[in-house]
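> Okay, here's the prediction I keep looking at, along with the sequence it came from:
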Amino acid sequence: MRELFEYIGQMAEDFVRITGEIFLMLYQSIMWMFIPPFKLRNIFKQMEFVGVKSMFVVLLTGSFTGMVLALQSYNALKRFGAESLVGPTVALSMARELGPVLTGLMVTGRAGSAMATELGTMRVTEQIDALYTMAVNPIKYLVVPRILAGILMLPVLTVIADFIGVAGGYFIGVHVLNINPGVYIGRTVDFVKMEDIFDGITKSFFFGLILSLVACYQGFYTKGGAEGVGRAATNSVVMSSVLILIADYFLTSMMFK
Amino acid sequence: MIKINELKKSFNNKKVLDGINLDVEQGKITVIIGRSGEGKSVLIKHIIGLLKPDEGNIMLDGEELTAMDEKELNNIRKRFGMLFQGAALFDSMTVAENVGFPLREHTDKHEDEIMDIVRDKLKRVGLVGVEDMMPADLSGGMKKRVGLARAIAMDPEIVLFDEPTTGLDPIMSDSIAHLMLETQKDLKTTYIAITHDIALTYKIADKVAMLHEGRIIETGTVDEIKATINPVLRQFIEGRAEGPIKVY
């Protein structure tokens, strides 16, 4: 019984500590973001890493999600003769929900884990300590460029995922399910408003912040050699994914008010 | 001149440093010896402000280093260089970028000038033509040399060495010892090294301090240390498993 309470107590303590440390890192990062000199080279390098190098996986997941959405919604809508609504169903699902969430999760798996591994390795091989001893702040040098890359590139990747998803839905809807192309496009344009797309982009901004901040946090505070680096990568993916889904719920509920 | 006074540090209720007192003389090589896990690295990390003590202080030229905030520490750190145990080279950068890193961060020097300094420092540590190599392609000894070149890139007043010969063969260890002596003599820099390598200690030390159970138990010149009657120190320098220090 005592062990149970100790376990719960330890969990609560860890939760408070980790939350505190993450917000402290966010606070320091925001401070350093506005203090020159700006490490433009580092920022562009990270933007390339997060953005350009995630393009392929985002294109792949976006297109297949759009295609499967078309099949599924056609199957459901056919039952009450509303096949013409396949287009808006695909577009709204992609723009409001699946575009940002899937992009967030895919980039977490690809770039977030890599960030945690890289910073974790730098921690255990004392490269982060070396930055301190050379009077270079590692939050500014390592964390700020990664967070900026996350919040700048996720919206871009989300727009790409939305677009390719809609294109995939169109391809299946028009060429496989034989929906009239004019009807498909016309209905989509009728139903989807700019607000829907902007809501999705707003979400992706927060997802980009979550995945880069969590990855940097896990990497930065890595302990215990190679095993610790592996643990940091795993923890960063699990924690980011869960937080993205939780944040998605709260952001959606606020946007529908 | 660095003065360490009654420095204490515990981790999770385990006392690591238990009242360290040590004077480090300017322009000399001070070597702190002791067994692995005795807190040598913890001590050296206090000297450059990576760790804060629980009690006690470190004075650098009359200023209290241990009471400084990050900004003041960063000004002080520009007077320091440090060679880490695994060299801690940035593995995303070439050798030249590593050695030039502090110069690019803290000086307005032109790129050509930086490259001249980089080549000069690399030459001092016996490396020529390695500028464009990546740290992953270097041997352990070469990494340490590049690490030393980076540590002296800004012509620091004080250089700290964390286990400079660990993991190197005896010949490479000797060559690192010679490099330390040469670079120190040229620039009259203050060197502080922590090590358990007795051969290295005898070769380079102006002053030796033995760290045991969180305290400095003896200091002296190499000759004084060799002639010590302290049984703990005797056991350590003779490298015996039997004696007052218990092996677990």
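Here it is on my side, so go on.

> how about the residues of the stretch 1-150 of chain A near chain B?
With Cβ under 8 Å from any Cβ of the partner chain as the criterion, the stretch 1-150 of chain A meets chain B at residues A:121-122, A:125-127, A:129-130, A:132-137. C-beta: built from backbone N, CA, C; applies to glycine.

> Scan these and report the most crowded one.
Among these, the one with the most neighbours (other Cβ atoms under 10 Å in any protein chain shown) is residue A:130, at 26 neighbours.

> tell me the contacts of the closest residue to residue A:229 other than its chain neighbours?
Closest residue to residue A:229 apart from its sequence neighbours, by Cβ to Cβ, 6 or more residues apart in numbering or on different chains: residue A:120 at 3.9 Å. Contacts for residue A:120 (Cβ atoms under 8 Å, 6 or more residues apart in numbering or on different chains) come out as A:218-219, A:222, A:228-229, A:232-233.

> same thing with residue A:51?
Shown here is residue A:51, whose contacts under the criterion Cβ under 8 Å, 6+ apart are A:149, A:152-153, A:156-157.

> Do a quick rundown of the helices in chain A.
Applying DSSP state H to chain A gives helices spanning A:2-33, A:40-50, A:55-77, A:86-93, A:99-107, A:113-124, A:127-133, A:138, A:144-170, A:181-191, A:194-220, A:225-255.

> in terms of contact, does residue A:115 touch residue A:149 like I think?
No - the pair residue A:115 / residue A:149 is not scored as a contact, 9.1 Å apart, by Cβ atoms under 8 Å.

> which residues are common contacts for the two?
Counting by Cβ under 8 Å, 6+ apart, the residues touching both residue A:115 and residue A:149 are residue A:212.

> excluding its backbone neighbours, what's nearest the residue most central in space within chain A?
Nearest to the mean C-alpha position of chain A, counting by Cα atoms, centre = their mean, stands residue A:104 at 2.2 Å. Using Cβ to Cβ, 6+ apart and skipping residues adjacent in sequence, the residue nearest residue A:104 is residue A:207, 3.4 Å away.

> My read is that that neighbour contacts residue A:100, right?
Yes - the pair residue A:207 / residue A:100 is scored as a contact, 6.0 Å apart, by Cβ under 8 Å.

> Now for these two: what residues contact both?
Joint contacts of residue A:207 and residue A:100 (Cβ under 8 Å, 6+ apart) are A:154, A:248.

> What's the separation between residue A:159 and chain B?
Distance of residue A:159 to chain B, computed by Cβ to the nearest Cβ, to the nearest Å: 30 Å.

> Can you get me a residue count around residue A:56?
Residue A:56 has 10 neighbours, counted by other Cβ under 10 Å.

> Where does pLDDT dip in the chain?
Picked chain A for this. A:257 (pLDDT under 70).

> tell me the contacts of residue B:144?
Residue B:144 makes contacts with B:83, B:87, B:164, B:168, B:176, as judged by Cβ under 8 Å, 6+ apart.

> where does residue B:133 land in three-state SS?
coil (DSSP: H, G, I helix; E, B strand; the rest coil).

> how many neighbours does the nearest residue to it once chain neighbours are set aside have?
Leaving out its chain neighbours, the residue that sits closest to residue B:133 by Cβ to Cβ, 6+ apart is residue B:95, at 5.2 Å. Number of residues near residue B:95 (other Cβ under 10 Å) recorded here: 26.

> So residue B:95 versus residue B:132, what's the distance?
Look at residue B:95 and residue B:132: by Cβ to Cβ, to the nearest Å, they are 7 Å apart.

> Out of the helices of chain A, which is closest to residue B:19?
Closest approach to residue B:19 among the helices of chain A is made by helix A:127-133 (24.9 Å; Cβ to Cβ).

> Mind listing residues that contact the closest one?
For helix A:127-133, contacts defined as Cβ under 8 Å, 6+ apart pick out A:119, A:121-122, A:137-138, A:141-142, A:220, B:45, B:48-50, B:77, B:80-82, B:84, B:88-91, B:160.

> Quick check on the residues you listed: which are buried?
A:119, A:121-122, A:137-138, A:141-142, A:220, B:45, B:48-50, B:77, B:80-82, B:84, B:88-90, B:160 (16 or more other Cβ atoms under 10 Å in any protein chain shown).

> secondary structure class for the residue nearest to the spatial centre of chain B?
Nearest to the mean C-alpha position of chain B, counting by Cα atoms, centre = their mean, stands residue B:161 at 1.6 Å. Classification of residue B:161 by three-state DSSP places it in strand.

> How about the contacts made by it?
B:82-83, B:180, B:191-195.

> now swap in residue B:170 and tell me
Contact analysis of residue B:170 by Cβ under 8 Å, 6+ apart lists residue B:199.

> Tell me the residues on chain B that lie near chain A, please.
B:45, B:48-50, B:70, B:73-75, B:77-78, B:80-82, B:84-86, B:88-91, B:101-102, B:105-106, B:160.

> Okay, and which of those residues map to helices?
Among the residues of chain B next to chain A, the members found in helices (DSSP H) are B:45, B:70, B:73-75, B:77, B:101-102, B:105-106.

> Measure how buried the residue in the stretch 151-257 of chain A that chain B sits nearest to is and give me the count.
Closest to chain B within the stretch 151-257 of chain A is residue A:225: 11.5 Å, counting by Cβ to the nearest Cβ. Neighbour count for residue A:225, taken as other Cβ under 10 Å: 11.

> Ok, the one 3 residues further on next?
Close neighbours of residue A:228, defined as other Cβ under 10 Å, add up to 17.

> Surely it touches residue A:121?
No - using Cβ under 8 Å, residue A:228 is not in contact with residue A:121; the gap is 9.8 Å.

> mind putting the helices of chain A in JSON lines, distance to residue B:222 included?
Shown next, in JSON lines, are the helices of chain A (distance: least, Cβ to Cβ, whole Å):
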{"stretch": "helix A:2-33", "distance to residue B:222": "46"}
{"stretch": "helix A:40-50", "distance to residue B:222": "46"}
{"stretch": "helix A:55-77", "distance to residue B:222": "61"}
{"stretch": "helix A:86-93", "distance to residue B:222": "76"}
{"stretch": "helix A:99-107", "distance to residue B:222": "58"}
{"stretch": "helix A:113-124", "distance to residue B:222": "34"}
{"stretch": "helix A:127-133", "distance to residue B:222": "28"}
{"stretch": "helix A:138", "distance to residue B:222": "38"}
{"stretch": "helix A:144-170", "distance to residue B:222": "47"}
{"stretch": "helix A:181-191", "distance to residue B:222": "84"}
{"stretch": "helix A:194-220", "distance to residue B:222": "41"}
{"stretch": "helix A:225-255", "distance to residue B:222": "35"}
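
> ok so, going back, could you pick out which of the contacts of residue B:161 are located in strands?
B:82-83, B:191-195 (DSSP state E).

> show me the residues around the residue nearest to residue A:104 that make contact.
Contacts of residue A:207 (Cβ under 8 Å, 6+ apart): A:100-101, A:103-104, A:154, A:244, A:247-248.

> Mind checking which of these are buried?
Among the contacts of residue A:207, those classed as buried by neighbour count (16+ other Cβ under 10 Å) are A:100-101, A:103-104, A:154, A:244, A:247-248.

> Give me the buried positions along stretch A:97-112.
A:97-112.

> Put the alpha carbons of it into CSV.
Extracted in CSV, the C-alpha atoms of stretch A:97-112 (Å, rounded to 0.1, in the frame of the first residue of the first chain):
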residue,chain,number,x,y,z
GLU,A,97,-8.4,17.9,-38.9
LEU,A,98,-6.3,15.3,-40.8
GLY,A,99,-4.0,17.7,-42.6
PRO,A,100,-2.5,19.3,-39.4
VAL,A,101,-2.8,16.2,-37.2
LEU,A,102,-1.2,13.7,-39.6
THR,A,103,1.5,16.2,-40.5
GLY,A,104,2.2,16.8,-36.8
LEU,A,105,2.4,13.1,-36.1
MET,A,106,4.5,12.3,-39.2
VAL,A,107,7.0,15.1,-38.5
THR,A,108,7.2,14.0,-34.9
GLY,A,109,8.2,10.6,-35.9
ARG,A,110,10.7,11.7,-38.5
ALA,A,111,12.1,15.0,-37.3
GLY,A,112,11.2,15.1,-33.6
